[in-house]
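J.: With the sequence up front, the predicted model follows.
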Amino acid sequence: MAELYQALRAELVSAVPETNGIKTLALRPERPFTFAPGQFAQLLVPGKGEAPFSPAVAPERPELLEITVMKRGRLTSLLHRLEPGAKLGLRGPYGRGFPLEQFAGKELILIAGGVGLAGIRSLLFEVLSQSEKYPRVVLLVGAKTPGELILREWLLAQAGRNRLELHMTVETSDDSWTGKKGLVTDLLEGIRIEPERSSAAMCGPEPMMKAAALELVKKGVLAGRIFLSLERNMSCGVGQCGHCRLGPVHVCKDGPVLTWSRLEKISEFRGPR
Amino acid sequence: MKKWESSSAPSQFFAEGSEFLSRLKQLAKSLSLYGPDQNSRLKRFRADQVRQIVFNPSRMLDPLKAIFFPARSGLGTPFADDHARGREIPARIIIGAKACDLAALELLDRIFLEGEFPDEEYRGQRQKTLIISSDCEEPSEFCFCAALGGSPYPVSGFDLNLTPAPGGWLLEAGTEKGRELLAESGFRAATEEERAHREKLRAEKSGKLQERLLAEGFKFEAAQLQKVIESATQSPLWRRLSEKCVECAACSFICPTCHCFLLSDRGHAPDFLRSRAWDSCSYRDFARLGSGANPRPRRAQRLRNRFEKKFCFFPSELGRPGCVGCGRCIEACAGGLDLRRTLKELSVG
């Protein structure tokens, strides 16, 4: 770790549109940038600002860091306008990712909503490449429309090649979509869950994650084995600037992956009872 | 403390007022000297201005954090391989710190220096600064340290502490730096009588403050505050109080333990700059996410969050409330919010 708040230089190699408004940026850091699945990095546009993202490294391109960015605000709009060759910065990795030791030997239920799929992509790479450690991997993916289902081709390829049980759903669609319609939580109804052998990991809109966690608890999965990857306004990354505070938790330092058992006790997260 | 009392070297010294001032003047020739001016603001004094230093009877208006964690500071380049940000930090002396200031600084030290990513700039600032504190002679109308278990005289966190004594000061060293300074100064050891006078004075001042606070019903216990605030998440009180809040964030900026900050970037290649400025959880967009969602959109939620941070999260993380009872937020609040009254109202339910 260099000086606090200082970044490693990284060059933008490609910017591939996933859907309207979502792009995957591939970056080549000046030096190797290692991280655990679920950790995050601050991506810096020099002179403009930075924002937190969960990177992933595709096994076929180990020298590149992939970051999927949804265009929402000032900085993400800037990121969407960048051309290959742009000079960026990377700071981190920060926080705690998914507990791979705890996941080993478990049946994994992975749940992703919208662009949240990017947040568990590195976990997917990990568990699919170490399939002997994970007896069963179920992935439930939801999006608003078929056009907003990111990484769809890649997912289908994975499901074909690996022992990945893939289930996808969209909230609304036209007739071209022949798959399931509904919420990602509805998919939980259709799968076999062995609660004592299962762990779950999810990333997506907060209401979706809360609903999914409650559903899993109802099905008997332990609250301490349900992991949510949270989005907050992480800035310093080291638990000092206060922006990502959620109750007694600094999401940047104690998270961004936190258990449901911890989160359900935080009134600001849970909401009024 | 124990370590000293068992040693044979005297732990307390006496200096006449003028003797002490000339020592300060001498020090100010080679060190930057910061002390209270007549408005109780923290000001830098030159050697020839030393006589204008006011020996403040209670804490200054400015929080001590401003020296170590400035309101705005440049962090230099955002890239690790560019020239390092580490600039020469000048040695300094701060005079006029009070018990509450030191208690707050201890908390900031833990926030910035403990853990995996310590702030080396802050550490440098701390190490290069000698702190001379003093007992409170006349706590301000806003002070309530004693209602939170504090005392109006410092017991730790200082390099040197001053207690008023007939004709001068009773000096006590709290660190090696302070001991060295005393050793070089040639002040005489305090007499038994002078030491006894200090204890008597302290008991009196402390008793008087406690009495005044008790008369207003201000007596709080950290564990109980944590419990009542934890169970008051739905209380209508937050909404009612927040109606007076104008989101000026004065309470955060003047609070000696508030440490939130904003990082920002500017400049053009190759001269990019990053800076850090105080920020406040009172501001509406403080916690807003990239996606646009806001975890605390309402003022009442932000006010409650402030109390939770001070009285629930600080204790669960650092074992002590993040409020030292200095009352600066009460003095600064444009809406007339009085933290003591809020705590009292919460405590009685």
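T.: On my side now, so go ahead. Numbers count the residues shown, from 1 in each chain, chains lettered A, B, ... in the order given.

J.: Was I right to think residue A:190 contacts residue A:167?
T.: Yes - if you go by CB atoms under 8 Å, residue A:190 and residue A:167 touch, sitting 6.9 Å apart. For the C-beta atoms, the positions are set from N, CA and C on the backbone; glycine is no exception.

J.: Go ahead and list the helix or strand containing the nearest residue to residue B:239 once chain neighbours are set aside.
T.: Of all residues not flanking residue B:239 in the chain, residue B:300 sits nearest, at 4.3 Å (CB to CB, 6 or more residues apart in numbering or on different chains). Residue B:300 belongs to helix B:299-308 when assigned by DSSP states H and E.

J.: before we move on, which element is residue A:168 in?
T.: Using DSSP H and E, residue A:168 maps to strand A:164-170.

J.: Alpha carbons of that strand, in PDB - could you do that?
T.: The C-alpha coordinates for strand A:164-170 follow below in PDB (Å, rounded to 0.1, in the frame of the first residue of the first chain):
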ATOM      1  CA  LEU A 164     -23.900 -23.900 -13.200                       C
ATOM      2  CA  GLU A 165     -27.600 -24.000 -12.700                       C
ATOM      3  CA  LEU A 166     -28.600 -20.800 -14.300                       C
ATOM      4  CA  HIS A 167     -32.100 -19.200 -13.900                       C
ATOM      5  CA  MET A 168     -33.000 -15.900 -15.500                       C
ATOM      6  CA  THR A 169     -36.100 -13.800 -15.200                       C
ATOM      7  CA  VAL A 170     -37.200 -10.300 -16.400                       C
END
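
J.: Let me see the contact set for the residue nearest to residue B:327 when sequence neighbours are not counted.
T.: Counting by CB to CB, 6+ apart, the nearest residue to residue B:327 once its immediate chain neighbours are dropped is residue B:142, at 3.0 Å. When contacts are counted by CB atoms under 8 Å, 6 or more residues apart in numbering or on different chains, residue B:142 touches B:326, B:327, B:328, B:330, B:331.

J.: returning to that earlier point: name the residue in residue A:190 and residue A:167 with the higher neighbour count.
T.: Shown here are residue A:190 and residue A:167; by other CB atoms under 10 Å in any protein chain shown, residue A:167 has more neighbours (19 against 11).

J.: State the distance from the more buried one to residue A:192.
T.: Distance of residue A:167 to residue A:192, given as CB to CB, to the nearest Å: 12 Å.

J.: Figure out how far the strand or helix carrying residue A:217 is from the centre of its chain.
T.: Residue A:217 is part of helix A:206-218, with elements assigned from DSSP H and E. Chain-centre distance of helix A:206-218: 16 Å, with CA atoms, centre = their mean, to the nearest Å.

J.: Same question for stretch B:208-222.
T.: Centroid separation for stretch B:208-222 versus its chain: 21 Å, with CA atoms, centre = their mean.

J.: Report the buried residues of the helix holding residue A:217.
T.: Going by neighbour count (16 or more other CB atoms under 10 Å in any protein chain shown), the buried part of helix A:206-218 is A:206, A:208, A:209, A:210, A:211, A:212, A:213, A:215, A:216, A:217.

J.: Show me what that helix is packed up against.
T.: strand A:107-113, helix A:184-187, strand A:198-203, strand A:226-229, helix A:260-263 (3 or more CB pairs under 8 Å, 6 or more residues apart in numbering or on different chains; DSSP states H and E).

J.: need the ones you listed in TSV with mean neighbour count, can you?
T.: What follows is the helices and strands packed on helix A:206-218, written out as TSV (neighbours: other CB atoms under 10 Å in any protein chain shown):
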stretch	mean neighbour count
strand A:107-113	25
helix A:184-187	22
strand A:198-203	26
strand A:226-229	26
helix A:260-263	20
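
J.: will you turn the ones you listed into a markdown table that also has distance to chain B and mean pLDDT?
T.: Listed next are the helices and strands packed on helix A:206-218 as a markdown table, based on distance: least, CB to the nearest CB, whole Å; pLDDT from 0 to 100:
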| stretch | distance to chain B | mean pLDDT |
| --- | --- | --- |
| strand A:107-113 | 12 | 97 |
| helix A:184-187 | 17 | 94 |
| strand A:198-203 | 13 | 98 |
| strand A:226-229 | 13 | 98 |
| helix A:260-263 | 13 | 97 |
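
J.: Spell out which parts of the stretch 101-250 of chain B neighbour chain A.
T.: For the stretch 101-250 of chain B, the residues in contact with chain A (CB under 8 Å from any CB of the partner chain) are B:111, B:112, B:115, B:116, B:117, B:118, B:119, B:120, B:121, B:233, B:234.

J.: Greatest separation within the residues you listed: which pair is it?
T.: Using CB to CB, those reach their maximum pairwise distance at B:120 and B:234, which is 42.8 Å.

J.: of the two, who's got more company?
T.: Ranked by neighbour count (other CB under 10 Å), residue B:120 and residue B:234 place residue B:120 first, with 14 against 11.

J.: Thought residue A:4 was touching the more buried one, still the case?
T.: Yes - applying CB under 8 Å as the test, residue B:120 and residue A:4 come out as touching, 7.0 Å apart.

J.: Centroid-nearest residue for chain A?
T.: Taking CA atoms, centre = their mean as the criterion, residue A:119 is the residue nearest the geometric centre of chain A, at 1.1 Å.

J.: How is that one assigned, secondary-structure-wise?
T.: helix (DSSP: H, G, I helix; E, B strand; the rest coil).

J.: Show me which residues of the stretch 101-250 of chain A are close to chain B?
T.: Selection of the stretch 101-250 of chain A residues close to chain B by CB under 8 Å from any CB yields A:206, A:231-233, A:235-248.

J.: change it to 7 Å
T.: Proximity of the stretch 101-250 of chain A to chain B, by CB under 7 Å from any CB of the partner chain, involves residues A:231, A:232, A:233, A:235, A:236, A:238, A:239, A:240, A:241, A:242, A:243, A:248.

J.: Report the contact partners of the residue in the stretch 51-200 of chain B that chain A sits nearest to.
T.: Per CB to the nearest CB, residue B:80 is where the stretch 51-200 of chain B lies closest to chain A, at 3.3 Å. Residues in contact with residue B:80 (CB atoms under 7 Å, 6 or more residues apart in numbering or on different chains) are A:2, A:3, A:6, A:7, A:8.

J.: cool, residue B:115 as well?
T.: For residue B:115, the contact set (CB under 7 Å, 6+ apart) comprises residue A:239.

J.: Ok, residue B:99 next?
T.: Neighbouring residues of residue B:99 by CB under 7 Å, 6+ apart: B:145, B:150, B:151, B:152, B:153, B:154.

J.: So what's the residue count around the third one?
T.: Here the neighbour count serves as a burial measure; for residue B:151 (other CB under 10 Å) it reads 19.

J.: what would the helices and strands packed on helix A:206-218 look like in CSV with distance to residue B:27?
T.: Compiled in CSV, these are given as follows (distance: least, CB to CB, whole Å):
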stretch, distance to residue B:27
strand A:107-113, 63
helix A:184-187, 67
strand A:198-203, 57
strand A:226-229, 54
helix A:260-263, 51
